[in-house]
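Engineer: Return atomic coordinates for the entry below.
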Amino acid sequence: MEKTALITGASSGIGKELARIHAERNGDLIIVARRQEKLNELKSELEQKFAVKVLTIVKDLSNPDAPKEIFEEIQQKGIQIHYLINNAGFGLRGKFHELSWERQQQMINLNMVALTELMYLFLPEMIARNSGKILNTSSTASFLPGPLQAIYYASKAYVTYLGNAIAEELYDTNITVTTLMPGATETEFASTSGMDKTGLFEKTVSARSVAEDGYNGMLEGKLDVISGLTFSQSLMMKTIPFTPKKVILKQVRKMQEVD
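Structural biologist: As a prediction, the model looks like this:
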């Protein structure tokens, strides 16, 4: 397989659009998600339209064994990963103490642990050949605490700071780590997290536009890519450093409440 990208969370939303963009540029793909049917549909679409090779791997990355199983399957097939795109993730809306602990633990495993382990497993190969690019999908939520989505916001802060730190550790290599930080995006995230009826998701941008920003930023080796913010959201982000934290917390809570 040539110029192969491994993309997690590829069955919908930003991940699906990232897969399409890579295929449009004649890149082969390994796409990972939980839903076999959705992966098969995408595989068929991309192979027919763009004559690229697409391998599907059905895994639930909230399972602690999944990252190593993915790595070992790719190793056994002798495939080199040129672009590692950690896109899988989900959120939950509600009070920390009232939400299911099992679901919150799955979120921690998916949003943080799986992403971290996949980087840990694939980085040595990239370093050995001194080439490769990593794109991690974080969120503008990583800039601030998130009452009513406490673990989600905290998990995305972890993703952003981890990616930035590793990028600097690789300063003397040809390997780059880019962090994509979208605002409210038109994906399944809103409905699965319970955010679709909140003020925060009144205006959304397309998953395609966010994916294009992230993919191009990865190719350029950018450190951070912020995408899909409305004017009011951009203004809020700029004022965060100068606003008392209690005020920010109240604003975020109100944006995530459902009337």
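Engineer: which residues of the stretch 51-200 of the chain score low on pLDDT?
Structural biologist: 185-200 (pLDDT under 70).
Engineer: same thing but at 50, please
Structural biologist: By pLDDT under 50, the low-scoring segments of the stretch 51-200 of the chain are 190, 193, 195.
Engineer: How are the helices of it distributed by residue range?
Structural biologist: 66-76, 101-108, 115-129, 150-169, 189-193 (DSSP state H, counting those that start in this stretch).
Engineer: And the ones you listed: which comes nearest residue 218?
Structural biologist: Evaluated over these, closeness to residue 218 peaks at helix 150-169, with 11.2 Å, by Cβ to Cβ. For the C-beta atoms, the positions are set from N, CA and C on the backbone; glycine is no exception.
Engineer: got the buried residues for the closest one?
Structural biologist: By 16 or more other Cβ atoms under 10 Å, the buried positions in helix 150-169 come out as 150-160, 162-164, 166-167.
Engineer: Pick the one among those residues closest to residue 79.
Structural biologist: For the buried residues of helix 150-169, with residue 79 as the reference and Cβ to Cβ as the criterion, the closest is residue 166, at 22.5 Å.
Engineer: quick one: that closest one and residue 159, what's the gap?
Structural biologist: From residue 166 across to residue 159, the span is 11 Å (Cβ to Cβ, to the nearest Å).
Engineer: and what of residue 93?
Structural biologist: 19 Å.
Engineer: avg pLDDT for stretch 38-45?
Structural biologist: For stretch 38-45, the mean pLDDT works out to 97.
Engineer: buried sites along it?
Structural biologist: In stretch 38-45, counting by 16+ other Cβ under 10 Å, buried: 38-39, 42-43.
Engineer: List just the nearest of these to residue 8.
Structural biologist: Using Cβ to Cβ, residue 39 comes nearest to residue 8 of the buried residues of stretch 38-45, at 11.4 Å.
Engineer: any idea how far residue 111 is from the closest one?
Structural biologist: In terms of Cβ to Cβ, residue 39 sits 20 Å off from residue 111.
Engineer: what does residue 121 give?
Structural biologist: Residue 121 is 17 Å from residue 111, by Cβ to Cβ.
Engineer: Between the two, which is the more surrounded one?
Structural biologist: residue 111 (27 against 18; other Cβ atoms under 10 Å).
Engineer: Surely the more buried one is in contact with residue 86?
Structural biologist: No. Using Cβ atoms under 8 Å, residue 111 is not in contact with residue 86, being 9.6 Å away.
Engineer: Need the residues touching each of the two.
Structural biologist: Taking Cβ atoms under 8 Å, 6 or more residues apart in numbering as the criterion, residue 111 and residue 86 both touch residue 159.
Engineer: What lies in contact with the longest strand seen in the chain?
Structural biologist: Criterion DSSP state E: the longest strand present in the chain is strand 175-182. If you take Cβ under 8 Å, 6+ apart as the criterion, strand 175-182 is touched by 14, 119, 123, 126-127, 130-140, 142-143, 156, 159-160, 163-164, 166-167, 170, 205, 210, 213-214, 217-218, 221-228.
Engineer: Then stretch 162-171?
Structural biologist: Contacts of stretch 162-171 (Cβ under 8 Å, 6+ apart): 115-116, 119, 123, 127, 134, 136, 138, 176-179, 223-224.
Engineer: nearest spatial neighbour of residue 113, skipping sequence neighbours?
Structural biologist: residue 64 (7.0 Å; Cβ to Cβ, 6 or more residues apart in numbering).
Engineer: go on, residue 248?
Structural biologist: Closest to residue 248 by Cβ to Cβ, 6+ apart is residue 144, at 5.7 Å.
Engineer: got the angle for the helix or strand where residue 249 lies vs helix 150-169?
Structural biologist: For residue 249, the host element (DSSP states H and E) is helix 245-255. Interaxial angle of helix 245-255 relative to helix 150-169 (axes from the mean of the first three to the mean of the last three Cα atoms, to 10 degrees): 120 degrees.
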